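# Fold the following and give me the result.
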Amino acid sequence: MADRNYAYDPVDTGTPVNQQTFRMEGGQLWRQYIIAGIANIAIASTGYSMGWTAPINIKLKDEKESPLGRPATSDELAWMGSLLNIGAILGPFIGGFAASKIGRKWGLLSSVIPLLIGWILAAVASNMALLYACRIFWGVAVGMLFTISPMYCAEIATDDSRGALGSFLQMFITIGFLLVYGIGPSSSYGAVAYVGIAFVVVFAVGFFFMPETPTYHLLKEDREAAAKCLSIIRGKSRAGVEAELNIIAADVSASMEKTATVADVFRGSNFKAFYISCALVFFQQFSGINAVLFYMTDIFKASGTDMDPSDATTIIGAVQLVASFITPFVVDRLGRRLLLLVSSCGTAIGLLLLGMFFLLDSLKSPVVSSISFLPILSLVVFIITYCWGLGPLPWAVMSELFPIEVKAVASPIATAFCWILSFLVTKFFPSISDSIGMHVGFFIFGVCCVMAFFFTLFLVPETKGKSFQEIQEMLGGGNKKSEKA
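The predicted structure follows:
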C-alpha cells in the first residue's frame with residue numbers, strides 16, 4: 001500500500017508524487033462560491049414564494065385586483081399562509097430520498113417541478129383551492145431545497161469556506177423576500193406570478209451546467225467522475241486535486257461500511273448531532289421571526305410613523321439583506337459559536353424590548369409617547385442579529401455535524417421538525433397573542449433566545465475549519481469509534 005503522504009500521478013503511470021506538490025497548485029477557489037451562488041438561486045426563489053403573501057394578501061382583499069372575483073376572508077388568508085409549512089414538512093423526505101438516489105445536483109433540479117407547478121397554479125388561480133394547492137407545492141419545494149442545498153454546499157466547499165457557503169441560504173432567501181416586497185405592491189397579481197416562473201427557469205437553466213458533488217460520485221464508487229467534478233469546482237488539474245480527493249474518499253469509504261437507518265440517527269454521536277441540529281432549528285423558529293414579521297405593520301404603527309406598510313416591509317427586507325451579506329464574510333473567521341452567541345443575545349434584547357413596549361402600551365402608560373422610537377429600534381436590532389446567526393447557521397451547522405451515511409436520513413427529519421414548528425408559530429401565535437396580549441408572546445420568544453445563548457455556550461461544538469472526520473471525532477468525545485448499526 002502506498003504511503004499516505006504520497007499519491008500516484010495518473011498521467012505519469014505510477015510515479016509517486018508528494019501530495020504537498022498538489023497542494024501548491026493554487027487553483028481558482030472562487031469557483032465554489034459561484035457554483036454555490038447559482039445553486040442558491042433556487043433558495044432565492046423560495047424566498048420569493050414565501051414572501052409572496054405580503055403584497056398579494058392586500059390584492060386578494062381588494063375585489064378589483066383579486067383573481068377570485070371577490071375579496072378573500074381573513075381566515076382564508078391565514079390558512080393560505082400556513083399551508084406552505086404543511087408542504088415543507090413533506091418536502092425534506094422527498095429531498096433526502098432524491099439526494100441519496102439521484103444525487104445532490106439532480107435532487108436540487110427536481111425541486112423545479114413543485115416550484116413550477118405552484119407558480120402555474122398561482123398564475124391561473126380563480127378560487128382559494130388552487131391557491132391552497134400552490135402554497136403546498138411551494139412548501140414541498142422549500143422542504144426539498146432546505147434539505148439538499150446545505151448538503152450540496154457543504155460537499156463542494158473547502159474546510160475553511162464551508163461556513164460561508166452554508167450561510168448563503170439565509171442571504172439568498174432574503175434576496176427573494178426583498179424582490180417580492182419591492183415589485184409586489186406596484187405590479188399586478190399576474191405579473192408577480194410570471195416573475196416567479198422566470199425565477200425558477202433561470203435557476204433550472206443555470207444550475208443544469210453545474211457539477212455534482214465529489215462525495216456523491218464516490219458514494220457511487222466512481223472515482224474518476226469525482227476527480228473530474230472536483231477539478232471543475234477547484235479550478236485545478238486532475239493531479240492538483242488528488243490529495244483532497246484522497247481525504248474525501250477516505251471519509252466516504254468509512255461511511256460506506258454501513259448503511260444508515262432511522263434507528264442509527266438516535267445512537268451515539270449521531271444522536272448528539274441530531275439533538276443539536278433540532279435544538280438550533282427550534283431556537284430559530286421560537287426566536288419569533290415569523291411572529292415579528294407578521295406584526296411588522298403593528299410595530300411600525302406603534303411607533304407613530306405614517307410610513308406606508310409596503311414601504312416599511314421593503315425597508316425591513318433591505319435590512320435583512322444587508323445583515324445576511326455580512327455572515328458569509330465573517331463566519332469562517334469568527335466561528336459558528338461566537339455568531340450564534342451574538343445572535344441569540346441580540347435577538348433576546350430586541351424581543352424583550354418589544355415585549356416591554358407593548359406591555360406598557362397595553363397598560364396605557366404615559367411613558368409610551370416618549371419612547372415611540374423603541375419598537376423600530378428593537379425590530380432593527382432583532383432582524384440584524386437574527387440574520388447574523390439564528391437565521392443561517394442552524395442549516396450550516398446541520399450540514400456539518402452528520403456523517404455522510406447518516407446525513408440523507410437525519411437531515412430530512414430535522415428539517416421537517418423545523419417546518420412543523422414554523423406551522424405552529426404561524427397558525428397559532430396570532431390567536432394566542434390576541435387572547436393574552438402581544439407582549440406575552442414577545443417575552444416568551446425572548447426567553448427562548450436566552451435559552452439559545454446558554455445552549456450554544458455549553459453544548460454547540462465549534463466546527464470552524466474542521467474536516468468532516470475531525471467533526472465526527474469531536475462529537476464522539478475525541479475517539480474515532482465505529483458504532484454498531
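# hey, let's count contacts and neighbours off CA atoms from now on
Fine.
# Which residue ranges make up each domain of the protein?
In the domain annotation for the chain, the residue ranges read 25-210, 263-478 (automatic domain parsing).
# among those domains, which gets the worst mean confidence?
Mean pLDDT is lowest for domain 263-478 out of those, coming in at a mean of 85.
# Now find how far off-centre that one is within its chain.
12 Å (CA atoms, centre = their mean, to the nearest Å).
# Please apply the same query to stretch 199-211.
In terms of CA atoms, centre = their mean, the centre of stretch 199-211 is set 19 Å apart from its chain centre.
# What residues sit buried inside it?
Neighbour-count burial for stretch 199-211 flags 199-201, 203-204, 207, 210-211 (criterion: 16 or more other CA atoms under 10 Å).
# Contacts for that stretch next, please.
Residues from elsewhere that reach stretch 199-211, judged by CA atoms under 8 Å, 6 or more residues apart in numbering: 35, 38-39, 41-42, 45, 105, 109, 112, 115-116, 229, 232-233.
# what sits against the closest residue to residue 378 other than its chain neighbours?
Spatial nearest neighbour of residue 378, excluding adjacent residues (CA to CA, 6 or more residues apart in numbering): residue 350 at 4.4 Å. Counting by CA under 8 Å, 6+ apart, residue 350 makes contact with 377-382, 446.
# Could you do residue 85 as well?
Contacts for residue 85 (CA under 8 Å, 6+ apart) come out as 136, 139, 419-420, 422-423.
# Likewise for residue 89?
Shown in contact with residue 89 (CA under 8 Å, 6+ apart): 139-140, 143, 415-417, 419-420.
# ok, back up a step: okay, the domains of the chain, which one's buried deepest?
With neighbours taken as mean count of other CA atoms under 10 Å, the domains of the chain reach their highest mean count in domain 25-210, at a mean of 22.
# Can you name every helix or strand that the top helix by length along the chain contacts?
Longest helix of the chain, by residue count under DSSP state H: helix 404-436. If you count contacts as 3 or more CA pairs under 8 Å, 6 or more residues apart in numbering; DSSP states H and E, helix 404-436 packs onto helix 74-101, helix 128-156, helix 242-255, helix 262-265, helix 268-285, helix 289-294, helix 393-401, helix 438-459.
# which outside residues touch the fifth one?
Okay, so that is helix 268-285. 264-266, 390-391, 394, 397-398, 401-403, 406, 410, 414-415, 417-418, 421-422, 425, 448-449, 452, 459-460, 472, 475-476, 483.
# Now for the residue most central in space within the chain: which residues touch it?
Centroid-nearest residue in the chain: residue 169, 4.5 Å away (criterion: CA atoms, centre = their mean). By CA under 8 Å, 6+ apart, the contact set of residue 169 is 40, 43, 149-150, 392, 395.
# Check for me that it belongs to a helix.
Yes - looking at residue 169 with DSSP: H, G, I helix; E, B strand; the rest coil, it is inside a helix.
# Any figure for the gap between it and residue 91?
Distance of residue 169 to residue 91, given as CA to CA, to the nearest Å: 17 Å.
# Next: residue 322.
Distance, residue 322 to residue 91, by CA to CA: 29 Å.
# do residue 343 as well
28 Å.
# again, but for residue 195
Taken as CA to CA, the span from residue 195 to residue 91 is 23 Å.
# returning to what we had before: next, format the contacts of residue 89 as CSV and append distance to residue 334.
Below are the contacts of residue 89 laid out as CSV (distance: CA to CA, whole Å):
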residue, distance to residue 334
139, 33
140, 34
143, 29
415, 26
416, 29
417, 28
419, 29
420, 31
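# Does residue 91 touch residue 142 like I think?
Yes - if you go by CA atoms under 8 Å, residue 91 and residue 142 touch, sitting 6.8 Å apart.
# Now the common contact residues for these two.
With contacts defined as CA under 8 Å, 6+ apart, no residue is shared by residue 91 and residue 142.
# Give the helix, strand or coil label for residue 364.
coil.
# Quick check: phi and psi on it?
Note on residue 364: its backbone torsions stand at phi 60, psi 40 [degrees, to the nearest 10].
# Relative to residue 456, how far out is it?
To residue 456, residue 364 is 38 Å away according to CA to CA.
# next one: residue 207
Separation of residue 207 from residue 456 (CA to CA): 35 Å.
# cool, residue 190 as well?
Note on residue 190: its distance to residue 456, by CA to CA, is 45 Å.
# Ok, residue 96 next?
Counting by CA to CA, the separation of residue 96 from residue 456 is 27 Å.
# Same check on residue 32?
29 Å.
# Residue 77 too?
36 Å.
# ditto for residue 237
Per CA to CA, residue 237 is found 41 Å from residue 456.
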